[in-house]
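*Asks:* return a 3D structure for these sequence lines:
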Amino acid sequence: MTPKFADRSRRDFLILSGLSSAAVALSSCGTPELPPAPPPSSGGEPTATGSAPREVPRGRPPEVPREQTLMLTYGDGSDLGICNPYASGFNHQRGLAAMLEPLWYYSAFNGETTPWLADGEPAYAPDFSSVTITTRTDAAWSDGTPFSAKDVAFSLEMLRAEKNSAMTYSADIREWVKKAEATDDKTVKITFTKPAPRFVFDFLYFKNDLGIFLVPEHIFKDQKDQFGFLFYDPGKGWPVVTGPYTVADWTVQQRLLDRRDDWWAIKAGLSELPAPTRIIVVPFTDPTNTAQQLINNELDSSLDLRPPVIKQVVDQNQKIIAWTDRNPPYGYTDWWPQSLFFNCAAKPYDDVEIRRAVNHAINRQQLVDIGYEGAGTPSFLPFPNFPPLQKYLDAAQPMLAANPTDAYDLAKVDAIMTGKGYAKDGDGLWVKDGKRVDATIYGIVDLVNDYGAILAEQLRAGGFESSLQTPGDSTTRMTDGSAKLFLFGFAGAIADPYPSLELMHSRHFSKIGTAGDISSHWKNSDYDKIVEQMSSLPVDDPQELPLFLQAMEIYLTELPHTPLVQWMHRIPYNTTYWTGWPTEADPYLPGAFWFKTFSLELTRLKPAAG
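*Replies:* Residues are numbered from 1 along each chain as shown. Predicted coordinates:
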């Protein structure tokens, strides 16, 4: 029986469906933050290994008035005192991105590239076997040491070293980089292991949460344990950074980042001094408390909020805006569109017809209307609706019309399941050989509660024994294959579709019971060949479109996962003290301060008082 709740609220629907009150609690989330690692040990020189709580050196920051302070909330305090961007437990999303800068920035919304520590564009060899990059001669680290091409080469060689294989991006750099060397102070040549026309964009740009971090050679070359080095001691001037802010003090309760008035970019004429004198980031406790702090002007921004919460905040504080000002849907499309992943290596989801039957039970518009209270957008392909991707999405429409993902039709569910030998029991659920179809949906707590509980009820209405489960080990279940169905974002594509398509390559396949990447445990050799061809092309090369369509034909035929809804960042911006936030009217960057582009966003904020 089709669930009838088009004219009812989400809470009414969930109560009528008999779901737990936990599923209707107000929740808030963003692109999932990096998982915290165990805190470092306390004995001797601190390292990023061990598990005992520890003390960290304290700074002595001066008092700063509220109107000069940017107040943010995100994450927790588990990364206390870790400023080495490659140490276990480091998390740039909790404000530390304000210290860090790339060679280039890229905006997913306007498609613009902004050279920063790089001077101009990269120069690839004709066969893409190498690339030469020129760095600025006027950039400097916070201790006064000039930034140079040697820092770029050192960072890449550090990641390439086998002893640092546990570092983020180490596997990627070892796969692609044969050698990185500074031929002089402003020139670095990177030689590849194979043609790599995408390398600079994929790894040396800051865009959303992507891009490698550059470290100061003159500090890190002397560290025997570069992975364990924490790089935090205000008394020593650590961390040493190129960005406009550095850590002034840090406790579990809050971290203070103070503006560097000697920031190199000012003298270089690249930027004005950022307006906030201080940034304070406090742990995100719960959405109700966060909402009240925003309403009381105690916070300037926060982790993105779910539709009911941000509506409440906007209604109760006239100074709060969002991406769409003070109007629904309040947010912008993030790069993390949500999909229902099938475990294609586990029965019965190893059968594409069963996957299609489940897909026919899904009403995406209902997920938006009820789960997101109308403040959202359905997703029909596994890509965000970004302007640079639009030509690809448009080109796929004919094959999507022939093989639609948005295909809600319970009669087709019945036809497929009965054709497969299933029959409904007394509770209206499909049974074969005495067993019901296990359609338990796993998800990360708070991230999917709003639409996930409704999806589970839709599947039950289609005859599948379904419920939403969000245990603490959900991610483990996704990676080891014990989850047969799960909800997760499909992130990667920003300027072209290749990064998302690559996530479905069989290199990400792992056997059930073996920890691996989050994937559908699906593989297709023809699909792999197409993706491998795409990897040899520059970003958005004209040859990419026909290959994209070939890959989409296989994807839509096989349906290893099915798109559900676009992920939206509904981020509150308080204009009581600060203006210049990214908005739909001024989309210079995605508005998430937890992205690696935060240091560039800070240059656009202005005091509300003028």
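
*Asks:* Trp238 against Cys83, yeah?
*Replies:* Yes: the pair Trp238 and Cys83 qualifies as a contact (C-beta atoms under 8 Å) at a distance of 6.6 Å. Every C-beta, even on glycine, is put in place using the N, C-alpha and C of the backbone.

*Asks:* identify the contacts common to these two.
*Replies:* Common neighbours of Trp238 and Cys83 (criterion: C-beta atoms under 8 Å, 6 or more residues apart in numbering): 231-232.

*Asks:* helices of the stretch 151-300 of the chain, start to end?
*Replies:* Across the stretch 151-300 of the chain, reading from the start of the chain, the helices by DSSP state H, counting those that start in this stretch fall at 170-176, 199, 217-220, 264-267, 287-295.

*Asks:* okay if I get those as a markdown table plus mean neighbour count?
*Replies:* Conversion of those to a markdown table gives the following (neighbours: other C-beta atoms under 10 Å):
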| stretch | mean neighbour count |
| --- | --- |
| helix 170-176 | 17 |
| helix 199 | 20 |
| helix 217-220 | 19 |
| helix 264-267 | 18 |
| helix 287-295 | 20 |
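
*Asks:* quick one: which of those helices is nearest Gln390?
*Replies:* Gln390 lies closest, by C-beta to C-beta, to one member of the helices of the stretch 151-300 of the chain: helix 199, at 25.2 Å.

*Asks:* any low-confidence regions in the stretch 1-150 of the chain?
*Replies:* Confidence mapping of the stretch 1-150 of the chain against pLDDT under 70 gives the ranges 1-54.

*Asks:* can you do 50?
*Replies:* Across the stretch 1-150 of the chain, residues meeting the criterion (pLDDT under 50) sit at 1-53.

*Asks:* next, format the helices of the stretch 151-300 of the chain as CSV and append mean pLDDT.
*Replies:* Shown next, in CSV, are those (pLDDT from 0 to 100):
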stretch, mean pLDDT
helix 170-176, 94
helix 199, 97
helix 217-220, 98
helix 264-267, 98
helix 287-295, 96
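
*Asks:* of all the ones you listed, which lies closest to Leu455?
*Replies:* Leu455 lies closest to helix 287-295 among the helices of the stretch 151-300 of the chain, at 21.2 Å (C-beta to C-beta).

*Asks:* with distance to Thr113 added, can I get the helices of the stretch 151-300 of the chain in CSV?
*Replies:* CSV is the format used below for these (distance: least, C-beta to C-beta, whole Å):
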stretch, distance to Thr113
helix 170-176, 20
helix 199, 15
helix 217-220, 25
helix 264-267, 17
helix 287-295, 33
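
*Asks:* can you say which of those helices is nearest to Tyr232?
*Replies:* Shortest distance between Tyr232 and the helices of the stretch 151-300 of the chain, using C-beta to C-beta, is found for helix 217-220: 12.0 Å.

*Asks:* please save the CA atoms from that closest one in PDB.
*Replies:* Output in PDB follows, covering the C-alpha atoms of helix 217-220 (Å, rounded to 0.1, in the frame of the first residue of the first chain):
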ATOM      1  CA  GLU A 217      60.600  22.300   4.500                       C
ATOM      2  CA  HIS A 218      62.800  24.200   7.100                       C
ATOM      3  CA  ILE A 219      60.700  22.700   9.900                       C
ATOM      4  CA  PHE A 220      59.700  19.300   8.700                       C
END
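
*Asks:* nearest residue to Ala268 in space, please, no chain neighbours.
*Replies:* Spatial nearest neighbour of Ala268, excluding adjacent residues (C-beta to C-beta, 6 or more residues apart in numbering): Asp138 at 4.3 Å.
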